[in-house]
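[1] dropping a prediction and its sequence here:
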Amino acid sequence: MLSSKPKSFSYSHRWLYACIVSLLFLALSELALMVAGVQSLLVAEDPYVGFSNRLDRFERQPSQAGDQMVLKHYKGAIFNNQQFPADKSPNSYRIFCLGGSTTHGRPYDYRTAFCGWLEAFLQSADPSKDWQVINVGGISYASYRVAAMMTELNNYQPDMYIVYSGHNEFLEERTYREIVNMPEWMRDLSTELSRSRIYSVMKRSIRSFRSTSESADAVALQGEVDEILTHSVGPKSYQRDENNSQAIQSHYRYNMERMIRLAESSNSEILFIQPAAKLHQESPFKSSHRDGISQTDLERWQMLFNQAKDQYQKHAYAGALASIDKALTLDDRHAESHYWRGKILFSMGNYAQARIAYQRSSDEDIAPLRILSSMQQALHQIATENRATLIDFPAIIADISRQRFGHDLPGEKLFLDHVHPTIEMHKELGLALFDQLKQQGLATAKAEWNAESIANITDSQLSLVDQERQRSALHNLASVTLWSGKNEEAYAMLLRSQEEFGNTQKTLTMLAEVAQRLGKKPLAQHHAYQATELYPDNFDNWYFLASLYKSNEQFAEAVQTYRRGITFSPEHIELHQALSLLLINTGRSKEAIKVIENIVELDPNLDEAFINLGILYAETGQLVQSERNFQQSIRLNPEQAYAYTGLATVYERRSMNYMAYQYFKKAQLLDPTDPEIPNSIGSLLARSGKLAQAIEQFETALNIDPSHAEAKRHLQIARSQLQTTQPVHIK
């Protein structure tokens, strides 16, 4: 007999039904919020940082060709001067290139940056479209600023974003508060939930009760970049902070993910470029020892490190490698140790291991101004998971290096500095982007497009930037590199400038200065000598070359250099003064007198010249001439105490003690802080038998300078002789 009661669902069936209903409800709710125009947090905001003012870079301006979106004038120091039509035509394809200074084209400009090359290739190969490639790379811009800028650019009908970002993440000082202590799995979960509009609505609702800011946890940054480096002398202020580093890397991953969602929200394509960095011939900016290293280990490490460098200089590479490996067993966190290991391995031809060592050096850099390998891996993972296109720029450069130099370690031939590629490498990246757009079916190439076409475009692009501008850019880059303490790299840049653009006054002077810093005295003198030969009318060149000779105790060469400089620039008193001082210091007083007399002819009102003549004439026993020059100095400057002292000494030597005393006292009134004056007065009084007054002067000298040995000795003699009331003979 059949039961009249219906069958009840099992527990598992009820749970499954509830899940299906819940998921359906959530999906419908998510769809409804999307239709209503609600944006997810991942698109709308950054939970790590906010900004203290609006970040809009462009403004609408009318023109005869139609309204244009123009870069705001006060943004010109950070961005290239760019503009584009406010209203996009149906035949236009608009690409925004985003990132930091590499995208910008530094140290040159957008015309020779990879986006400038891409635009030239597109316009020549595929004239069927109106290609608009707008370079909005910002100097020192990190990913969070790039993502924030996309929220503005989404209003300008983009078709594609090209993003090159990753080198600048550690440039600005940021504090992550609660986020820095949050477990990584929780940060990842928060990122995933931020994709959801339901979660976003809930979080905004909760936040409205506790804060009206963009994000309760976000740090408010200035509207434009405020680099740590601008507040310090080089990278010295950077310190190792593992927690902060992890938070910065999490923030980077969040921003790259956010950029994908921002592109999707505007129905735009997005294309990432894996940032490339110089590995070979690029030392770390700052190294630091591991935490807790003992003094014994530190001393042992230093000995081994110095030993390895010394062996390297002597080409004893096997011994150098053994020494540096022993040093690394004591401390494997010191970035420069890994750099030197890379140099040694490179010299041994072991390029694979050298690459590992160089990369470890970059990753251990306390001032990480090159993208970390973990961040490169994160970008690759994000692009793969989201099916976003990623151009592997490091692989492109490695292939070029391998073809040209036999190894895949990019150095100074392919990079201008630690991160900025040469113009030629920008061109190669532009070609890779063009090929990618063709592969995606977004661009085509006309039938006559070939290698000759590329060569013609190359000539055209290079003609846009004049040599003087490029040379100046290299000089500026070298100055910044010097400021960061990297003398070897700066010297290489200046040699590049010399090789590509020839010798200039500034190039030679900077080469000499940097060679001197590096302790390469012959090279410094060589560059400085070249400057005097090519630019003899610049008296600074002669002055600098002579100073190099003096520092090397080549006094005869220094004297000759000053004299040659004076023949070209006889009106420059500085050369005469430097020559006279050198002659005095080397005991050539009679020659010095002639030089100073020339100075007096050039400037009869230079009181110091008359003082020096007074001193020299006194030294050579010509007391009348000495007196005359000291008197002239006093007429020109009655407040110069040293002239009165010199004149008093002359009178003393001529046994005119009353006059000597009067001028010593005038000198004392003008300079009561000089202990030599009361000591001289005391000596004069003692010789005249006025012991009590002499003692007072010696005591005055010692009150000014308690360590004055001569005053102590004179005071002791005077006191001992005062008891006998005999004249005291103090020389």
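    Cool, got the structure.
[2] rest of the way, CA atoms for contacts and neighbours
    Fine.
[3] flag every buried residue along the strand ranked longest in the chain.
    Secondary structure of the chain per DSSP state E: the longest strand is strand 92-99. By neighbour count on 16 or more other CA atoms under 10 Å, the buried set for strand 92-99 is 93, 94, 95, 96, 97, 98, 99.
[4] who's the second one bridged to?
    So the one you mean is residue 94. residue 132 (DSSP bridges).
[5] quick one: contacts for it?
    If you count contacts by CA atoms under 8 Å, 6 or more residues apart in numbering, residue 94 has them with 131, 132, 133, 134, 157, 158, 159, 160.
[6] now swap in the third one and tell me
    Taking CA under 8 Å, 6+ apart as the definition of contact, the neighbours of residue 95 are 131, 132, 133, 134, 158, 159, 160, 161, 162.
[7] could you do the fifth one as well?
    Residues counted as contacts of residue 97 (CA under 8 Å, 6+ apart) are 103, 115, 133, 134, 135, 136, 137, 161, 162, 163, 164.
[8] give me that answer again for 7 Å
    103, 115, 134, 135, 136, 137, 161, 162, 163 (CA atoms under 7 Å, 6 or more residues apart in numbering).
[9] now the strands for the stretch 1-150 of the chain?
    Using DSSP state E, counting those that start in this stretch, the strands of the stretch 1-150 of the chain run over residues 49-51, 58-61, 68-71, 83-85, 92-99, 130-135.
[10] quick one: buried residues of the second one?
    The one in question is strand 58-61. Buried positions in strand 58-61, judged by neighbour count with 16+ other CA under 10 Å: residue 58.
[11] repeat that for stretch 416-426.
    Within stretch 416-426, the residues scored as buried using 16+ other CA under 10 Å are 416, 417, 418, 419, 420, 421, 422, 423, 424, 425, 426.
[12] what's the most distant pair in those residues?
    418 and 424 (16.0 Å; CA to CA).
[13] could you check the pLDDT of the residue nearest the centre of the chain?
    Residue closest to the mean C-alpha point of the chain, counted by CA atoms, centre = their mean, is residue 480 at 4.1 Å. pLDDT, residue 480: 82.
[14] these two touch, right, residue 129 and residue 90?
    No - applying CA atoms under 7 Å as the test, residue 129 and residue 90 come out as separate, 9.3 Å apart.
[15] among those two, which residue is more densely surrounded?
    residue 129 (14 against 8; other CA atoms under 10 Å).
[16] who's in contact with the more buried one?
    Contacts of residue 129 by CA under 7 Å, 6+ apart are 91, 92, 93.
[17] what separation is there between the residue nearest to the last one when sequence neighbours are not counted and residue 61?
    If the residues on either side of it in the chain are set aside, residue 93 comes closest to residue 131, at 5.1 Å by CA to CA, 6 or more residues apart in numbering. Distance, residue 131 to residue 61, by CA to CA, to the nearest Å: 21 Å.
[18] same deal with residue 255?
    31 Å.
[19] before we move on, the earlier item: out of the contacts of residue 97, which is most surrounded?
    residue 115 (31 neighbours).
[20] hmm, back to that, what's the residue nearest to the centre of the chain sitting at in phi/psi?
    Phi and psi for residue 480, reported as degrees, to the nearest 10, are phi -60, psi -40.
[21] residue 701: neighbour count?
    28.
[22] my guess is it contacts residue 678, does it?
    Yes - applying CA under 7 Å as the test, residue 701 and residue 678 come out as touching, 5.5 Å apart.
[23] by mean pLDDT, point me to the weakest helix or strand of this structure.
    helix 41-44 (a mean of 46; mean pLDDT, DSSP states H and E).
[24] excluding sequence neighbours, find me the nearest residue to residue 168.
    Per CA to CA, 6+ apart, closest to residue 168 is residue 142, 4.8 Å.
[25] what residues are up against the one you found?
    With CA under 7 Å, 6+ apart, residue 142 has these contacts: 100, 165, 166, 168, 169.
[26] cool, residue 634 as well?
    Counting by CA under 7 Å, 6+ apart, the residues that residue 634 touches are 640, 643.
[27] kindly recompute the last result at 8 Å.
    Per CA under 8 Å, 6+ apart, neighbours of residue 634: 607, 640, 643, 644.
[28] so which strand or helix has it?
    helix 623-636 (DSSP states H and E).
[29] I'd assumed residue 356 was in contact with residue 279.
    No - contact between residue 279 and residue 356 fails when scored by CA atoms under 8 Å: they sit 9.9 Å apart.
[30] which one's more surrounded, these two?
    residue 279 (27 against 16).
[31] surely that one forms part of a strand?
    No - looking at residue 279 with DSSP: H, G, I helix; E, B strand; the rest coil, it is coil, so not inside a strand.
[32] so how far is residue 113 from it?
    Residue 279 is 21 Å from residue 113, where distance means CA to CA.
[33] same check on residue 340?
    32 Å.
[34] more neighbours, those two?
    residue 113 (28 against 24).
[35] contacts only, for the closest residue to the more buried one other than its chain neighbours.
    Excluding the flanking residues, the one nearest residue 113 by CA to CA, 6+ apart is residue 105, at 4.3 Å. Residues counted as contacts of residue 105 (CA under 8 Å, 6+ apart) are 111, 112, 113, 114.
[36] try residue 112
    105, 423, 426, 427, 461, 462, 465.
[37] could you dump those residues into JSON lines with distance to residue 661, secondary structure and pLDDT added?
    JSON lines is the format used below for these (distance: CA to CA, whole Å; DSSP: H, G, I helix; E, B strand; the rest coil; pLDDT from 0 to 100):
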{"residue": "105", "distance to residue 661": "72", "secondary structure": "coil", "pLDDT": "92"}
{"residue": "423", "distance to residue 661": "74", "secondary structure": "helix", "pLDDT": "93"}
{"residue": "426", "distance to residue 661": "78", "secondary structure": "helix", "pLDDT": "97"}
{"residue": "427", "distance to residue 661": "81", "secondary structure": "helix", "pLDDT": "97"}
{"residue": "461", "distance to residue 661": "79", "secondary structure": "helix", "pLDDT": "90"}
{"residue": "462", "distance to residue 661": "77", "secondary structure": "helix", "pLDDT": "87"}
{"residue": "465", "distance to residue 661": "72", "secondary structure": "coil", "pLDDT": "76"}
